[in-house]
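K.L.:
Following is a predicted model, sequence given first.
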There are 2 protein chains.
Amino acid sequence: MPRTKGDHEARRREVSEAVWRVLAAHGFGGLTLRAVATELGATTGLLTHYFPAKRDLVAYALDLLAERTASRPRREAGEGLSAVRAALLDILPLTAEATASNRIWVSSWDTALADPALSDDYGRKYALSRDKLRDLVAAAQRLGELPPGDPERIAAGAQSFVLGLVVQALFSPTAFPPQRQAELLDDYLAALS
Amino acid sequence: MPRTKGDHEARRREVSEAVWRVLAAHGFGGLTLRAVATELGATTGLLTHYFPAKRDLVAYALDLLAERTASRPRREAGEGLSAVRAALLDILPLTAEATASNRIWVSSWDTALADPALSDDYGRKYALSRDKLRDLVAAAQRLGELPPGDPERIAAGAQSFVLGLVVQALFSPTAFPPQRQAELLDDYLAALS
């Protein structure tokens, strides 16, 4: 029987799932063709069809991370401080899914910092994320829910706060359960207001 | 001529320097016997004498990181809020040396998260660091330089803030030069006070 486009898509999804599970368990340091093949129950030979070289597998994993991050579910939030809070909560590892995704992000920093072009690309991603946050902060200021002050500077501080909280929660999940993370974020926002 | 203890110590220091330079440039993902040998101008054969297996090299690198972190120069600071500020400034990548060291720490997170025992060990290290910060916060509260509130919770927030600032400064050194990092930290401390 001829293989259809549907077969191809289904296999691609399986490969993506396997890459994701390897990353969530072993990070980029543990991302090998052999590990993905084991996860997939396939031969490494089949995988070299998709990823001729190790760097193709890493590039695929980075794309997958960016794609899943972009399409992740977001909290509904109105305007003002509640929108700032929702955007920051969306980053934190409050669910198993968000924990896996954050663990993969943190793990990818080693790969990114070792490659100047990729490092610049990450720098741009974080700058973009700060820009979005800056606009939300400025809107909250217009509503009088945050005091005046450079919104860009407030956004840079808030992004620092959540990124560091992510790292601590990944290493100490018992000390930083979801409720504690939310409390710490609310302390932070209360201090700003 | 017989090799002396001094020769041995000198060679060990050379190996440490080479491992450090490889980590600063390529992270744990780029830490290989070959890379260290190239940096040292030696053969990989010589290095297998020190590191029979890859995991011995990784363990050595992690020890080296812990040792250099423990012995790094610290700011002189009195008591109270100025001691909290000094402890947080000591973490930030404000010098080339502190940038290299932070870059290696961030890179090591991939390795640490992939190994449950090492991950626990990192969790304990960060908990210890929060405990020290908590004591400084409590002292600042006793002096009336910080308002009342659970010092442990304030320390967890402050540590999150600086860890995330480290990550952002590593990826966007132009957006986060030393002065900007210090300003953001001072904003954070001002909001607490």
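P.N.:
Received it, and whenever you're ready, just let me know what you need.
K.L.:
Would you mind finding the longest helix in chain A?
P.N.:
helix A:116-142 (DSSP state H).
K.L.:
average pLDDT across that one?
P.N.:
Averaged across helix A:116-142, pLDDT comes to 96.
K.L.:
Run the angle between the very next helix or strand once past that helix and helix B:151-171 for me.
P.N.:
Downstream of helix A:116-142, the first helix or strand assigned by DSSP states H and E is helix A:151-171. Angle, helix A:151-171 to helix B:151-171, by axes from the mean of the first three to the mean of the last three Cα atoms, to 10 degrees: 110 degrees.
K.L.:
Can you give me the buried ones in helix A:151-171?
P.N.:
Neighbour-count burial for helix A:151-171 flags A:151-171 (criterion: 16 or more other Cβ atoms under 10 Å in any protein chain shown). (Each C-beta comes from the backbone N, C-alpha and C, glycine too.)
K.L.:
rewinding a little: in terms of secondary structure, what does the longest helix of chain A contact?
P.N.:
helix A:81-89, helix A:96-113, helix A:151-171, helix B:151-171 (3 or more Cβ pairs under 8 Å, 6 or more residues apart in numbering or on different chains; DSSP states H and E).
K.L.:
Summarise which helices and strands the third one is packed against.
P.N.:
In this structure, helix A:151-171 makes packing contacts with helix A:81-89, helix A:96-113, helix A:116-142, helix A:178-192, helix B:96-113, helix B:116-142, helix B:151-171, helix B:178-192, judged by 3+ Cβ pairs under 8 Å, 6+ apart.
K.L.:
Reformat these into a markdown table and put distance to residue B:73 next to each item.
P.N.:
Listed next are the helices and strands packed on helix A:151-171 as a markdown table, based on distance: least, Cβ to Cβ, whole Å:
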| stretch | distance to residue B:73 |
| --- | --- |
| helix A:81-89 | 34 |
| helix A:96-113 | 24 |
| helix A:116-142 | 27 |
| helix A:178-192 | 30 |
| helix B:96-113 | 9 |
| helix B:116-142 | 17 |
| helix B:151-171 | 17 |
| helix B:178-192 | 15 |
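K.L.:
Determine which stretch of these is the most buried.
P.N.:
Across these, averaging neighbours per residue (mean count of other Cβ atoms under 10 Å in any protein chain shown) puts helix B:151-171 on top, at a mean of 23.
K.L.:
for the record, mean pLDDT for that one?
P.N.:
For helix B:151-171, the per-residue pLDDT averages 98.
K.L.:
Now residue A:173: closest residue in space, sequence neighbours ignored.
P.N.:
The shortest distance from residue A:173 to any non-neighbouring residue, by Cβ to Cβ, 6 or more residues apart in numbering or on different chains, is to residue A:99 (7.7 Å).
K.L.:
Could you measure from that neighbour over to residue A:92?
P.N.:
Residue A:99 sits 9 Å away from residue A:92, going by Cβ to Cβ, to the nearest Å.
K.L.:
what touches both of the two?
P.N.:
residue A:169 (Cβ atoms under 8 Å, 6 or more residues apart in numbering or on different chains).
K.L.:
For residue A:178, give me its contacts.
P.N.:
A:92, A:94, A:95.
K.L.:
which one is the second one nearest to, not counting chain neighbours?
P.N.:
Sequence neighbours aside, residue A:178 is the residue nearest to residue A:94 in space, at 4.3 Å (criterion: Cβ to Cβ, 6+ apart).
K.L.:
thinking again about what came up before, between the helices and strands packed on helix A:116-142, which one is closest to residue A:4.
P.N.:
Residue A:4 sits nearest to helix A:96-113 of all the helices and strands packed on helix A:116-142, at 30.5 Å, using Cβ to Cβ.
K.L.:
hey, C-alpha coordinates of the closest one in CSV?
P.N.:
These are the backbone C-alpha positions of helix A:96-113, laid out as CSV (Å, rounded to 0.1, in the frame of the first residue of the first chain):
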residue,chain,number,x,y,z
ALA,A,96,3.1,19.2,35.0
GLU,A,97,3.0,20.4,31.4
ALA,A,98,4.4,23.9,32.2
THR,A,99,7.0,22.2,34.4
ALA,A,100,8.2,20.0,31.5
SER,A,101,8.3,22.9,29.2
ASN,A,102,10.3,25.1,31.7
ARG,A,103,12.6,22.3,32.4
ILE,A,104,13.4,22.0,28.7
TRP,A,105,13.8,25.8,28.4
VAL,A,106,16.3,25.9,31.3
SER,A,107,18.1,22.9,29.8
SER,A,108,18.3,24.7,26.4
TRP,A,109,20.3,27.6,27.9
ASP,A,110,23.5,25.5,27.9
THR,A,111,23.1,24.8,24.2
ALA,A,112,22.1,28.4,23.5
LEU,A,113,24.9,30.1,25.4
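K.L.:
Below-threshold pLDDT in chain A: ranges please.
P.N.:
Residue ranges of chain A with pLDDT under 70: A:1-3.
K.L.:
Figure out which of the helices and strands packed on helix A:151-171 is closest to residue A:29.
P.N.:
When those are compared (using Cβ to Cβ), the closest one is helix B:96-113, at 4.8 Å.
K.L.:
Which secondary structure elements does that closest one sit against?
P.N.:
If you count contacts as 3+ Cβ pairs under 8 Å, 6+ apart, helix B:96-113 packs onto helix A:96-113, helix A:151-171, helix B:5-26, helix B:54-70, helix B:116-142, helix B:151-171.
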